[in-house]
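1. Kindly return the folded structure for what I paste below:
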Amino acid sequence: MADLRQDGGTTAQRARHADRSRGFSRKNWTPGTRWAVFVALVVLLGLFSALCVPRLLPQAQTILSGSATPQGRLTLGLADAPDSLDIRTKDNTAAARVLVPNVYEGLTARDAQNKAVPALASSWDVSKDAKTYTFHLRNAVFSDGSAMTSADVLDSFHTATSKKLPGSTMFDSVKSMSAPDDHTVRMSLHSPDPQLLWHLSTAPAIICKRGTTTGAFTAAGRPGASASLPAGTGPYTAGALTTGSAAKSLGTDVTGGLTLTATTGWWGGNGHDSARPRTITVRWYADSAHLRSALSTGRVQAAADLGPDTSVSLPTTKFTSQAGDSTARLLVTFNSAPGSLLSDRIIREAHARTLMGAGALQAYGDGGQASDNLWPVSSLDPGYQNSDGGTSDFNPTKYTWLASAYSRRTTMAVAPDVPQKVVDALTAAEQKAGFSFTATRLTAQQWKEQVTSSSADRPMGFDMAVWIKHGSHDLNEWMTGSNWWDFDSTTADSQYRAATTAASQEDFEKGVRTAAQTLLDAHPAVWLLQLKTTSAWKTSLALTGMPTAMTDIYLPLSSVRLG
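-> Got it, this is the predicted structure:
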């Protein structure tokens with residue numbers, strides 16, 4: 001120990017001697033010398049900041065953000081719980097909203113304006129006759145680590161079309177598919193299909209690993225199933241679905257639960273400036289009121305598709321809310337079945353014009369768009385145009401003779417999710433116009449049994465029905481006759497079919513507008529207003545990237561970041 005202390009003392013002495021011998025002793029510095037050194041250091045630091053830091057900053061941001069490692073947890077509340085996670089063999093929009101494109105992806109995805117954008121296909125080429133599409137695939141991997149290739153794409157489409165899985169008819173325009181190499185897929189069409197790219201973003205077009213059976217979705221999609229869902233290419237993997245009585249363990253008013261876990265190998269995860277949440281725990285609630293309650297009491301940190309009056313019910317000091325456009329429409333559909341009171345077009349028009357002036361927007365609240373939109377196509381769909389429905393010259397007394405022409409009362413079925421304020425406004429308008437009118441609110445089961453299960457052989461027992469219709473690119477549902485309101489328009493149907501084979505997007509949208517106008521003139525329904533979707537979260541989360549548009553049917557979560 002004595003030797004070590006002696007060495008240390010000697011070393012210190014040598015250092016001080018060396019400083020003095022080089023002239024670095026601060027005792028020898030004059031005030032002018034000290035000032036000169038200070039100025040020199042400031043200049044050197046300024047030069048370093050100007051020349052070096054900008055070059056290093058991008059790398060520093062990447063290192064500091066930890067973009068390769070998902071971090072944090074988010075609890076997200078929704079309404080409308082799915083019965084299963086099987087989106088392959090069932091038309092399961094409630095599950096598809098969460099699983100596509102978060103767990104499973106298509107060649108394309110959708111942006112906030114509902115336009116097709118690149119996903120598993122980084123780009124594509126279209127032939128001059130619009131009948132051949134060549135897709136260039138990304139270097140993506142499935143959640144099990146295996147590479148995705150063109151063989152997986154061909155196998156996925158072959159399974160969907162050969163087994164006639166739900167929604168596969170939207171690819172009837174595809175004549176053949178080929179794979180020139182592992183990263184190229186070519187589609188040849190019978191005729192141009194201006195909706196093809198959008199259709200490729202939907203659940204029927206998800207890309208599964210080659211050899212994945214439909215039974216794998218059926219087995220793993222059931223609530224509480226022990227088997228995992230088949231591998232997808234998305235930014236998350238899904239755990240088991242919890243519903244029914246088992247969901248009560250997650251909360252007294254919870255109707256379903258699901259955990260999404262981030263996959264680190266996702267193709268879109270490279271280069272982000274911050275990390276995605278490591279887990280997103282989804283909790284479903286019975287309706288918007290229960291969902292807002294769960295958010296306000298802290299049982300969930302964020303919520304999507306909260307419904308009307310959200311901005312009023314949540315304190316702005318604690319919560320941030322943002323609204324976006326939705327494809328959902330509030331409408332009244334008329335029973336056009338033979339023998340029905342409203343099978344007469346003139347009578348349908350009378351009720352349509354009466355209901356147009358009912359003030360549905362004011363009654364619905366801030367979940368409606370800024371102005372009544374009475375056009376059959378939403379602002380997020382091709383063929384939209386602004387329309388007031390011709391209400392400016394409407395005189396309710398013009399149709400009072402219709403009330404005395406028919407002795408029986410006009411009846412309306414009310415869907416469970418339609419606000420009572422809207423029903424009251426519609427009822428008041430009908431009565432003011434002189435109609436004998438009754439509205440009956442139905443439970444979800446009654447709505448299914450008495451309204452949506454109706455057919456030409458068993459028409460619904462109501463003259464009209466008020467409901468909220470969710471969906472996109474679905475104008476054809478109004479023209480084919482295969483609907484529960486039993487309406488068919490051969491003219492509109494023919495116009496729409498011609499539009500769907502247009503070689504250009506411009507001609508397609510022009511044709512859709514023509515068909516929509518024909519449909520509107522026939523008055524099978526009155527499209528009262530387009531709805532908004534509202535997302536909200538605790539301000540303290542410093543959350544960014546939360547989707548706000550179309551969250552009732554499409555909820556991409558890859559851009560969500562926690563501060």
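
2. low-confidence ranges in the stretch 1-150 of the chain?
-> Across the stretch 1-150 of the chain, residues meeting the criterion (pLDDT under 70) sit at 1-69.

3. try 90
-> Using pLDDT under 90 as the threshold, the predicted model of the stretch 1-150 of the chain has low-confidence ranges 1-72.

4. And the strands in it?
-> 73-79, 108-110, 116-118, 121-126, 132-137 (DSSP state E, counting those that start in this stretch).

5. Give me the distance from the second one to the chain's centre.
-> Meaning strand 108-110. Taking Cα atoms, centre = their mean, to the nearest Å, one finds strand 108-110 lying 11 Å from the centre of the chain it belongs to.

6. what comes into contact with that strand?
-> With contact meaning Cβ atoms under 8 Å, 6 or more residues apart in numbering, strand 108-110 is reached by 101, 116-119, 121, 197-198, 200-201, 550, 554, 556. From N, CA and C alone the C-beta is placed, and that goes for glycine too.

7. 7 Å instead, please
-> The set of residues that contact strand 108-110 without belonging to it, under Cβ atoms under 7 Å, 6 or more residues apart in numbering, is 101, 116-119, 121, 197, 200-201, 554, 556.

8. picking up where we left off before, go through the strands of the stretch 1-150 of the chain and name the closest to Ser226.
-> Of all the strands of the stretch 1-150 of the chain, it is strand 73-79 that lies closest to Ser226, at 23.9 Å by Cβ to Cβ.

9. Check which helices and strands the closest one sits against.
-> For strand 73-79, the elements it packs on are strand 279-285, helix 288-296, strand 302-303, judged by 3 or more Cβ pairs under 7 Å, 6 or more residues apart in numbering; DSSP states H and E.

10. helices and strands around the last one, which ones?
-> Spelled out, it's strand 302-303. Here strand 302-303 touches strand 73-79, strand 525-538, going by 3+ Cβ pairs under 7 Å, 6+ apart.

11. at 6 Å what do you get?
-> Under the contact definition 3 or more Cβ pairs under 6 Å, 6 or more residues apart in numbering; DSSP states H and E, strand 302-303 sits against no other helix or strand.

12. can you check the longest one too?
-> Applying 3+ Cβ pairs under 6 Å, 6+ apart, one finds that helix 288-296 makes contact with strand 73-79.

13. Name the strands paired with the strand it packs on and say parallel or antiparallel.
-> Taking DSSP bridges as the criterion, strand 73-79 sits next to strand 279-285 (parallel), strand 302-303 (parallel) in its sheet.

14. From Ser336, how far off is the closest residue to Val526 other than its chain neighbours?
-> Nearest-residue entry for Val526: Ala352, 4.2 Å, with adjacent residues in sequence omitted and distances by Cβ to Cβ, 6 or more residues apart in numbering. With distances defined as Cβ to Cβ, to the nearest Å, the gap from Ala352 to Ser336 amounts to 12 Å.

15. Ala415 too?
-> Spatial separation of Ala415 from Ser336 under the definition Cβ to Cβ is 18 Å.

16. Which one of those two is surrounded by more residues?
-> A direct count of neighbours by other Cβ atoms under 10 Å for Ala415 and Ser336 places Ser336 higher, at 23 against 20.

17. for that one, helix, strand, or coil?
-> Reducing the assignment at Ser336 to three states with DSSP: H, G, I helix; E, B strand; the rest coil gives coil.

18. Pull the contacting residues for it.
-> Under the criterion of Cβ atoms under 6 Å, 6 or more residues apart in numbering, the neighbours of Ser336 are 343, 485-487, 524.

19. Can you report how many residues lie near Arg292?
-> Other residues near Arg292 number 23, with proximity taken as other Cβ under 10 Å.

20. what sits opposite Val185 in the beta ladder?
-> The residues that Val185 bridges to, once DSSP bridges is applied, are Phe135.

21. what separates it from Ala516, distance-wise?
-> For Val185, the distance to Ala516 (Cβ to Cβ) stands at 33 Å.

22. rewinding a little: between the strands of the stretch 1-150 of the chain, which one is closest to Thr281.
-> Shortest distance between Thr281 and these, using Cβ to Cβ, is found for strand 73-79: 4.7 Å.

23. related to what we said a few turns ago, can you list the strands of the stretch 1-150 of the chain in TSV and add distance to Leu229 and mean neighbour count?
-> Formatted as TSV, the strands of the stretch 1-150 of the chain follow (distance: least, Cβ to Cβ, whole Å; neighbours: other Cβ atoms under 10 Å):
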stretch	distance to Leu229	mean neighbour count
strand 73-79	18	22
strand 108-110	19	23
strand 116-118	24	16
strand 121-126	23	15
strand 132-137	22	19
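
24. who wins for proximity to Pro180 among these?
-> In terms of Cβ to Cβ, the element of those nearest to Pro180 is strand 132-137, at 8.3 Å.

25. Starting from that closest one, tell me the next helix or strand along the chain.
-> Later in the chain than strand 132-137, the nearest helix or strand by DSSP states H and E is helix 150-162.

26. picking up where we left off before, okay if I get the strands of the stretch 1-150 of the chain as TSV plus distance to Thr427?
-> As requested, the strands of the stretch 1-150 of the chain are exported to TSV (distance: least, Cβ to Cβ, whole Å):
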stretch	distance to Thr427
strand 73-79	26
strand 108-110	37
strand 116-118	42
strand 121-126	50
strand 132-137	51
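
27. Doesn't Leu197 lie inside a helix?
-> Yes: the secondary structure assignment for Leu197 places it in a helix, going by three-state DSSP.

28. Counting neighbours, what do you get for it?
-> Close neighbours of Leu197, defined as other Cβ under 10 Å, add up to 22.

29. Right, I'll leave it there.
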